[in-house]
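Asks: Just to be clear, the model below is a prediction. Sequence and coordinates:
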Amino acid sequence: MGFSNGGMMCYRLAAERSATFASVAAMSASIGGDPDPGDPSSAVHVNDPALYGADPVSILHVHGLADTHAPFSGGPMDRPGRTRADVPVVDELAMWAGHDGCDADRMWR
């Protein structure tokens, strides 16, 4: 389980070390982003399990809708000196659901 950057590390471990971790939990974290906040549409999933041939990993994600450091809807961070733009939480979880063979439409129930 990890919070913020720790949650991002959990996603990395899930993608790169799926044989070791059966599940991860992330709170207020993103799976990846784009270093150019001027173009958030080009954000990439830097911890995409498909890049590493990962096995299915169960994901628990907890995120506040009003989070401004890792926005739920993605986009640039609000912290001075940071140039990161995050992927929307819905997109990152749909990517994991698809990778794990789950129905992405049911992940919110």
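Replies: Done, it's in.
Asks: wait, what's in contact with the residue most central in space within the chain?
Replies: By CA atoms, centre = their mean, the chain has its centre lying nearest to residue 31, at 2.3 Å. Listed by CB atoms under 8 Å, 6 or more residues apart in numbering, the contact partners of residue 31 are 8, 11, 45, 46, 47, 48, 87, 92, 95, 96. (C-beta placed from N, C-alpha, C; glycine too.)
Asks: ok, the first one - contacts?
Replies: What it means is residue 8. Applying CB under 8 Å, 6+ apart, we find residue 8 in contact with 2, 26, 29, 30, 31, 47.
Asks: Was I right to think the last one contacts residue 15?
Replies: Yes: counting by CB atoms under 8 Å, residue 47 sits close enough to residue 15 to count as a contact (4.6 Å).
Asks: So what's the residue count around the closest residue to residue 30 other than its chain neighbours?
Replies: In this structure, residue 30 finds its nearest non-sequential neighbour in residue 86, 3.8 Å apart by CB to CB, 6 or more residues apart in numbering. As a burial measure, residue 86 scores 27 neighbours (other CB atoms under 10 Å).
Asks: Mean pLDDT per helix and strand in the protein: which one sits at the bottom?
Replies: In the chain, no helix or strand scores lower on mean pLDDT, DSSP states H and E than strand 33-34, which sits at a mean of 64.
Asks: buried residues in the helix or strand just after that one?
Replies: Remark: after strand 33-34, the chain's next helix or strand is strand 58-62, criterion DSSP states H and E. Within strand 58-62, the residues that count as buried by 16 or more other CB atoms under 10 Å are 59, 61.
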